[in-house]
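**Q** Dropping the sequence and predicted coords here.
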Amino acid sequence: MKVFAIDLSICNGCYCCQVACKDEHVGNDWTPYAKPQPNIGQFWMNLTEEVRGQVPKVKVSYIPQLCNHCDDAPCISGCEAQAIYKREDGLVIIDGDTCVGCQLCEDNCPHDAIYFNKNLNIAQKCTGCSHLLDNDENWDVPRCVDQCPTGAIQFGEEADFADFIKGAEVINPEAGTKSRVYYKALPKKFVGGTLYDPVEKEVIIGANCTLKDVESNETFSATTDNFGDFWFHGLKDDRTFSLDLEKDGKKVTIADICTDKDLSLGDIPMQ
Amino acid sequence: MGEQKVITTTCKSCHGGCGVRVTVEDDAIVHIEGNPDTLTRGTMCSKGLSSIQHIDNPYRLKYPIKQVGKKGEGKWERISWDEALDTIEEKIKTAQKEFGPESLAVSQGTGRGYNRYIHRFARSAGTANVISPGYVCHSPRLGLYGLVTGYGRLYCDYHGWGGEFPKTQIMWAKQLEISSADSEMCNWFIQSLDYCKNLIIIDPRATAYSTRASLWLQPRPGSDCALAMGMMNVIFNEELWDKEFVDDWTFGFDELKERCAPFTPEKTEEITWVPKEKIIEAARMFAIDTPGCIQVGSSLERQANCGHTLRAITNLMGLCGNIEAPGSMVSWVLPDTGLIEDFFLELPITDEMRSKIIGIDKYKMGAARTCNPDTMVKAILSGDAPIKVWLSVGGQQIVHMANTNEVVAAIEKVDFMVHVDLFMGPMAEAADIVLPAAHWLELNDVYDMHPRFMIEAHNKVIDPPGEAQSDAWIFNEIGKRIAPEHWFDSEEEMLDYQVRKGMDGKMKWKDFSERLVSGCWGDDQVYYKYKTDYWRKGGGFPTPTGKFEFYSKHLESLGYDPLPVFREPGESPYRTPELYKEYPLVTSSGCRYPFYFLAQYRNIPWLRSFMEYPITQINPVDAEKYGIEDGDWIWIESPRGRIRQRARVYPGMKEGVIMTTGNWFYPEEPAKGYHGVYISNPNVLTSNNHLDPMYGSPDLTCFLTKVYKCKPEELTEDVFNTDEFGFVSAAGSDVEIRKR
């Protein structure tokens, strides 16, 4: 069974995956795998940019998104024309000749990965370039994977990616569709700030910072670095925290920090 | 299915350099991919990958045409090559006779392989009034590297050939990971990061690499020279400089130290808006964790203090001994084919030609072998410029030069203009005759861009459409008519001539074409050249003092300050505080996007769909202050005029600074108005009054503006009112339209 393994920590946002997908599928009829992808408007491979935080603490991520080739695919179970099927290798295919254009699958897909082609009156999406995998001995990965210059997008047998999958996540896990597209370094909330002494007009280095989840009492600790900066990475969404900053008997407390978004708390004076 | 064949060539969708394999079937390209057996290891970018859409593009020029209306009216008539060439010959010869050879100007866009043809043509025709964008892209750094080290080409040694990779890397106003116009460097840079201890990003906006960097400095655009001097101040105060290199191989250390003394961390923070702690840390990293290198971006060259900025940065390299050591800044050894630029250097600029260069009296570094384009614009407008005939290839001066209104007015005054291009665009509309150029997949040529240790072959894959011809053919044909003694019987003969030094003097174009690349790398590269007889017997740099010159007597002799000087941009919070009250945003005319190259590719559907309209990135705090929401159309206004772009409320933008999208015109807009060049192009806003004293470069990446929301009734042009992706329907393409 095949998986996609995508490491966002080395994706530079070059958009090659998106254009390679276009190059492979626009103007090419790969029936029974796929009808031609329209020139514009559909992005079977879709790179999105996510920018989080506030200056000077900002994180930029690029996230290649495609059909998740789910094992529990709502597009398949909901298709009344039985036009969508799962291959033995795990890839999910819409049969363009059987599709009646009812658009149910588009509505059922929790990952927004299915597009409707008005001209052909069919639903379309990523095929994992299965036309290449099946018929061309030179190809054992899809075009987007082959073209990725940093190796951020990989593809192969699930067993070969066991280590990757251990530390990886899927997008929209709450949908419970058993995605075959695994990600590393998906953006997670952070809280950061800069501690300084307003009298000395210098940053405070080596202060102990303790972030406490006010409901679960879970605590995280950090120390201010040479710039007086502290960072808490990998926090859960929508939690409320209180923050204690301490050094040499001096202390500042900040309450009601909510991770509904990534937070740079700015310059924090401590006297 | 017909027979398939695979042809290997070299991409030129930016300056070029990536190895490519193209599959052809029945004389049509069916597949393009990177060639894994080249130095770029099979990688390509979105621009190169979309080449199929460049070839078969509705905006493509296929035949010579002549303007039958007024300039900019868009009334064209097809003519034959004979008529086109006869007319051009006659116009040039008449102008030469009546007004002198300097009345011919030759212009180019960014280096696309035609550099050496336009220079050779201009020189053979007796003029040095070459209009090149070099003064805002790459020339200043080459000139300053040359002044300081005696050798004009310094590159970051990402390769590890000397046994070491850079331990500290500074990316200064540059995103090499997505916008390496010298594409082969991108791949090596990314690989070298595996060995990099400190990655320092200097950029007013957050990027993927600022996210991963050891240190991210967000300077105020236009303050970079002060930042470099502030870093040197730290290195002097903490005695972190490379003692051995400085003692033995540099000139002017004490003077530089004194010059940097006022740039304390506190003072530098005040000027640059970068916290002093970060300035100190960056200086320490670069000085202590050697070897290190600095990749500068051309944004620094789009500023009117670029000469000194680049000088200060070069001095910073030398101060830390990051010159010629493996993993530092290195000058490369030439390939066996020699210096490809000899193709035009062999025709010297005579004193007579030099004396007629427009701007040479003022911009002694920039206007030494090309004219100063901004001075030329002013001179044409005032009637002082001799320019009667303008032969333009590739570039969009109307788009990329400062003060669009004046540039258009000047260009419209030129008696006779010829433009060579792939696609219809603003410069073509201003021309009297337009010649259709071949795409890189349709021609044979030598790729010659920056890293001087190699050249590569562009091998013809398919025939050009209609009657389009390669730049080489076009210049050879015009050249043969104007100065036959310097041109060639055929294009192939000219290509043979360019590679003739290879294979011990036996190389022909055909050999080179098969070999694909001629280069010198690996063990054949030479480091520490100054310690050997390479440049000078007994060692030393090829400078007047034989040393790395912190202090330049040559500059002094030209009347410039021999040491770096920080000057505020022409319009800035500190130089023009009154103006700043009305125009409170420090503005740059643009960062780079991986899917566009300068003014190119707004007509390529796959690429345009990444960004249909130009965006201006603005910090959320500023956006709120001016009542702007993400996606709003906004006016951006300077004392010269105003443009509309779409606001992108970008959390990673420095407060008080905005970044517009540069070089923007709308191919789908009508000829009148030069394809919408006034609608969104930031150069409507920039000034050509305040120029760099050495290079004549204007402030394109540091000026002042204000922003405010557009009213819906102000979006009247067609581009705002067609269906989504109107650029495609305008081009007559039948496509399915749907937005996610």
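**A** Thanks, I have the structure now.

**Q** For residue 200, pull up the helix or strand it's in.
**A** Here I'm looking at chain A. Under DSSP states H and E, no helix or strand contains residue A:200.

**Q** could you do chain B instead?
**A** Here residue B:200 is assigned to strand B:198-202, by DSSP H and E.

**Q** Show me what the lengthiest strand in chain B pairs with in its sheet, parallel or antiparallel.
**A** If each strand of chain B is counted by residues according to DSSP state E, the longest one is strand B:641-649. Here strand B:641-649 is paired, per DSSP bridges, with strand B:615-618 (parallel), strand B:633-638 (antiparallel).

**Q** Work out the gap between the first one and the centre of the chain.
**A** Its chain's average C-alpha position is 22 Å from that of strand B:615-618, according to CA atoms, centre = their mean, to the nearest Å.

**Q** Please identify the most buried of the strands paired with strand B:641-649.
**A** Across the strands paired with strand B:641-649, averaging neighbours per residue (mean count of other CB atoms under 10 Å in any protein chain shown) puts strand B:615-618 on top, at a mean of 26. (Each C-beta comes from the backbone N, C-alpha and C, glycine too.)

**Q** List the contacts of it.
**A** Residues outside strand B:615-618 that contact it (CB atoms under 8 Å, 6 or more residues apart in numbering or on different chains) are B:205, B:585, B:591, B:628, B:634, B:636, B:645-650, B:652-653, B:658-661, B:707.

**Q** So the nearest residue to residue B:2 once chain neighbours are set aside versus residue B:4, what's the distance?
**A** Sequence neighbours aside, residue B:26 is the residue nearest to residue B:2 in space, at 4.0 Å (criterion: CB to CB, 6 or more residues apart in numbering or on different chains). Distance check for residue B:26 against residue B:4: by CB to CB, to the nearest Å, it reads 9 Å.

**Q** go on, residue B:324?
**A** 47 Å.

**Q** the more surrounded of these two?
**A** Ranked by neighbour count (other CB atoms under 10 Å in any protein chain shown), residue B:324 and residue B:4 place residue B:324 first, with 27 against 11.

**Q** so what's residue 155 scoring on pLDDT?
**A** Assuming you mean chain A. Listed pLDDT for residue A:155 reads 98.

**Q** Not quite, go with chain B.
**A** The model reports residue B:155 with a pLDDT of 91.

**Q** Could you verify my assumption that it touches residue B:327?
**A** No. The pair residue B:155 / residue B:327 is not scored as a contact, 11.9 Å apart, by CB atoms under 8 Å.

**Q** And these two? Which one has more around it.
**A** residue B:327 (28 against 20).

**Q** Now the more buried one. Nearest residue, chain neighbours left out?
**A** Nearest non-adjacent residue to residue B:327 (CB to CB, 6+ apart): residue B:291, at 3.6 Å.

**Q** separation between residue B:574 and residue A:81?
**A** Distance from residue B:574 to residue A:81, by CB to CB: 68 Å.

**Q** can you check residue B:537 too?
**A** Counting by CB to CB, the gap from residue B:537 to residue A:81 is 83 Å.

**Q** Just want to know which of those two has more residues nearby.
**A** Legend: neighbour count by other CB under 10 Å for residue B:537 and residue A:81, higher for residue A:81 (15 against 8).

**Q** Sketch out the helices for the stretch 201-350 of chain B, chain order is fine.
**A** For the stretch 201-350 of chain B, the helices defined by DSSP state H, counting those that start in this stretch cover B:208-212, B:224-237, B:243-249, B:253-260, B:265-272, B:276-288, B:306-319, B:342-345.

**Q** The strand or helix carrying residue A:192 packs against which elements?
**A** Taking DSSP H and E as the definition, residue A:192 sits inside strand A:189-197. Contact here means 3 or more CB pairs under 8 Å, 6 or more residues apart in numbering or on different chains; DSSP states H and E; on that basis strand A:189-197 packs against strand A:46-54, strand A:57-65, strand A:202-203, strand A:229-235, strand A:240-247, strand A:263-269.

**Q** how about the strands in the stretch 101-250 of chain A?
**A** Assigned by DSSP state E, counting those that start in this stretch, the strands in the stretch 101-250 of chain A fall at A:115-117, A:122-124, A:153-157, A:181-184, A:189-197, A:202-203, A:208-213, A:219-223, A:229-235, A:240-247, A:250-258.

**Q** Give me the angle between the fifth one and strand A:46-54.
**A** Our comparison of strand A:189-197 with strand A:46-54, counting by axes from the mean of the first three to the mean of the last three CA atoms, to 10 degrees, yields an angle of 30 degrees.

**Q** All set, thanks.
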